[in-house]
Structure formats: C-alpha cells, structure tokens
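K.L.:
could you look at this predicted model? Sequence included:
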Amino acid sequence: MATAHLYPWQHDLWTSVTNRVTNQRLPHALLLTGPAETGRQTFASLLSNYMVCRHKTENMPCGSCKDCLLFQADTHPDLVNIFPEAAFKQIRIDQVRDMATFLGCHSNQGGYRVITISPAENMNINAANALLKTLEEPGKDILIMLIAQRPERLLATIRSRCQQLRFPLPNKDIATTWLKEQLPEYTDIASVLEMAQGRPLAALRYVHENFKEKCVLLISGLKAILSAEQPLTEISLSWKELDSLFIFEWMLFAVTTIVRYKMTHQVSVLPAWLQDDAFLTLINHASATTLMEYYCWLTESYGLLVRQINLNTQLLNEALLIHWQKILLRVG
C-alpha cells in the first residue's frame, strides 16, 4: 500500500508548490534536485496523491476519496512511476514511449495525470530525446516530475523545460529533532547525522543497518595499511559484504573532516579514530591538494554508484585504498 507524508523540513517547499496549484500556476514539468536521502521521492509521491485528490483539505490530500484510496492501493490509473529496469539499470526509450502513449489517452478518472521519473539522469540518450518531445507538447492537466541527484547529466534542453525544485539539506536542529523522534533510545544523533553529511534519512538508515559495526571493519582496514599488515587486495576482500555506497559515503565523511582539520588545525573536528597519533602525524604531512583530488575522485565514483552504473565494486574499493595509501604514506 502506498503511503504519502511530508517530512518536517519540507513544509515551506510544500506550501510554495500547493499555492501554485491553487493559483493554477503549476508548470507541466518539475525537476526535483538536491542531495540524496532528503525526501524528494516521498515529496513527489505526496504531490502525485495531491494532484489527483478530489477533496483536498488544508493543502493536503484528503486520504478518503476514491482517488486517494486508489493511490493508497497503488492502483491509480492516472499515476505512472518510471524507474530503471533492474536488468539494464537505465531508463530505456520503450519506457518513455509507453509514457507518451499513456499521455496521449484521456484521463481515466477525469483529472490530472502524473508521471514521476527517477532517477532521471539514468535515462539513456534515446529515452531523453523521446522525453524532450513530450515536454515540448505536454497536453492539458499533466504533471511530469523528474527526480535527479545529478541534474547536470540531463540534457540542457530538458532542464530548460522544467521548473526546478531544489531540496536543500535540512536545518540541523529540525533534522536532529526528527531523528530523536525516530530513534528515542539512540544517544549519538549528532555524530551519525554528521557522518550522513546532514541527510537525516541517510542517518536513520545507518543506525538501522548497524553502521558502527561496519565502521569498525573499515577503520581496521585503513589501520592495516599503515602497518602493512595486509595486502590491499585482502583488505578489499574483507569489505566485500559491505555496501559500496556506504563505504564511499563513510570515506567522503572521513576525507571531509581531514580537509577541515587541515584548514582549521583543530583536532576536535576529526573523528576519534583519526585522532590516533599514527594517523595524525601522517595527516599533518599530507598534501591538501592531493586530499582535494582524492575527494573529487571519491565524489565522482560515488556518483557512478548512485546512478547504478555497472562497476566492479571490488576493484573500486581497491582503488579507494590505493589512493588512501598514496596520500598518507606518499607511496607511488
């Protein structure tokens, strides 16, 4: 059953969008951008429900009309969600053509028809060109929502035909309060939120996935590099059960704190494991330029993982370790 709700950090953006609906100023295409795991998909789902609801109350769907009940049962005929097909990890032209056929027909319920495409940057070039034709002549009472973490990877002509809704990182206090409500017995909200780079949904995921145990394994691998206790390939193999997205998110956090330390010279900005004398000595001698290059490489690789590009994750993890070794031990 579909559920639709609003996160507390989204209220202002929601009010802005629903006011446009009320004033009949909503564009036919929206581009939802911003960091992952800040609630864009949930927002789009709620807006889909709102657009087809016949008895909106206080800028929210009523939850009880026929259209809302169809939405809740995932059977509303005027709502279509397009995601990458598992076998291809891309959004293909056939999916966009089916969407165009759907939009060429009359609404089943006599109201809005809503399409959500996510992640939009996973469209291959043929699918993107097919979507562009639809955006040029969308028809009446149609809303197309594109959800993208890397909107720059979309065709410029697609971006120009959409009105962008930017989802910034939530206010820290609001995110902290929400996490405390979700995790009433968890005592280290500030640390997990920082590691999640301010993304409360990512922080919640980390806790549910026992991230502390994973961190211990990652830290032991990085320490093993310093003492040359294990070959890099063995360390990478010891991480094979870990999600590569988590590994790169964690490493991005670590490198971010190192760069911050290099700029401020305040040891307190580093996580406890990096305050170890062995690490600290090496960090002090590491090149800030090389660290920034490493950060850029991590960011690019993380983007490929997010986009579900076919990658050999073991080789990617080994590359991460090789870069780390070069920075701290100045090898190679």
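P.N.:
Sure, I can see it.

K.L.:
flag the shaky bits of this structure, pLDDT-wise.
P.N.:
Applying pLDDT under 70 to the chain picks out residues 1-4, 87-88, 308-309, 330-332.

K.L.:
which residue would you name as the spatial centre of it?
P.N.:
The residue lying closest to the centre of the chain (CA atoms, centre = their mean) is Ala36, at 1.7 Å.

K.L.:
domain assignment for the protein?
P.N.:
Split into domains by automatic domain parsing, the chain comes to 8-166, 209-329.

K.L.:
right, and the residue nearest to the centre of the chain touches Arg199 too?
P.N.:
Yes: using CB atoms under 8 Å, Ala36 is in contact with Arg199, at 7.0 Å. Yep, even glycine has a C-beta here, placed from its N, CA and C like the rest.

K.L.:
where's the residue nearest to the centre of the chain relative to Gly198, distance?
P.N.:
Distance from Ala36 to Gly198, counting by CB to CB, to the nearest Å: 12 Å.

K.L.:
do Glu37 as well
P.N.:
Glu37 is 10 Å from Gly198, by CB to CB.

K.L.:
now the residue nearest to the centre of the chain: phi and psi?
P.N.:
With angles defined as degrees, to the nearest 10, Ala36 sits at phi -70, psi 160.

K.L.:
how about it, nearest residue that isn't a chain neighbour?
P.N.:
Gln149 (5.2 Å; CB to CB, 6 or more residues apart in numbering).

K.L.:
can you list contacts of the longest strand seen in the chain?
P.N.:
For the chain, the strand with the greatest residue count under DSSP state E is strand 142-148. The contact list for strand 142-148 (CB atoms under 8 Å, 6 or more residues apart in numbering) reads 26, 28-33, 40-41, 44, 47-48, 51, 103, 112-121, 134-135, 138, 154, 158, 162.

K.L.:
would you mark the buried spots in the helix or strand following it?
P.N.:
Past strand 142-148, further along toward the C-terminus, the next helix or strand under DSSP states H and E is helix 156-160. For helix 156-160, burial by neighbour count (16 or more other CB atoms under 10 Å) applies to 158-159.

K.L.:
can you tell me which helices and strands helix 156-160 packs against?
P.N.:
Judged by 3 or more CB pairs under 8 Å, 6 or more residues apart in numbering; DSSP states H and E, the packing partners of helix 156-160 are helix 125-136.

K.L.:
tell me the buried residues in the helix it packs on?
P.N.:
Neighbour-count burial for helix 125-136 flags 127-128, 130-131, 134-135 (criterion: 16+ other CB under 10 Å).

K.L.:
save those residues as CSV, and put in distance to Tyr7 too.
P.N.:
CSV is the format used below for these (distance: CB to CB, whole Å):
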residue, distance to Tyr7
Ala127, 30
Ala128, 30
Ala130, 33
Leu131, 28
Thr134, 30
Leu135, 28
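
K.L.:
one step back: neighbouring strands of the longest strand of the chain in the sheet, and parallel or not?
P.N.:
Sheet pairing here is set by DSSP bridges, and for strand 142-148 it gives strand 29-33 (parallel), strand 113-117 (parallel).

K.L.:
nearest to Phe248, out of these?
P.N.:
strand 29-33 (20.4 Å; CB to CB).

K.L.:
can you name every helix or strand that the helix or strand following the closest one contacts?
P.N.:
Next along the chain after strand 29-33, taking DSSP H and E as the criterion, comes helix 40-52. On a contact count with 3+ CB pairs under 8 Å, 6+ apart, helix 40-52 meets helix 11-22, strand 29-33, helix 66-72, strand 113-117, strand 142-148.

K.L.:
as CSV, those with mean neighbour count would be great.
P.N.:
Converted to CSV, these look like this (neighbours: other CB atoms under 10 Å):
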stretch, mean neighbour count
helix 11-22, 14
strand 29-33, 22
helix 66-72, 19
strand 113-117, 24
strand 142-148, 24
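
K.L.:
can you redo these as JSON lines with distance to His285?
P.N.:
Listed next are the helices and strands packed on helix 40-52 as JSON lines, based on distance: least, CB to CB, whole Å:
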{"stretch": "helix 11-22", "distance to His285": "45"}
{"stretch": "strand 29-33", "distance to His285": "39"}
{"stretch": "helix 66-72", "distance to His285": "58"}
{"stretch": "strand 113-117", "distance to His285": "48"}
{"stretch": "strand 142-148", "distance to His285": "40"}
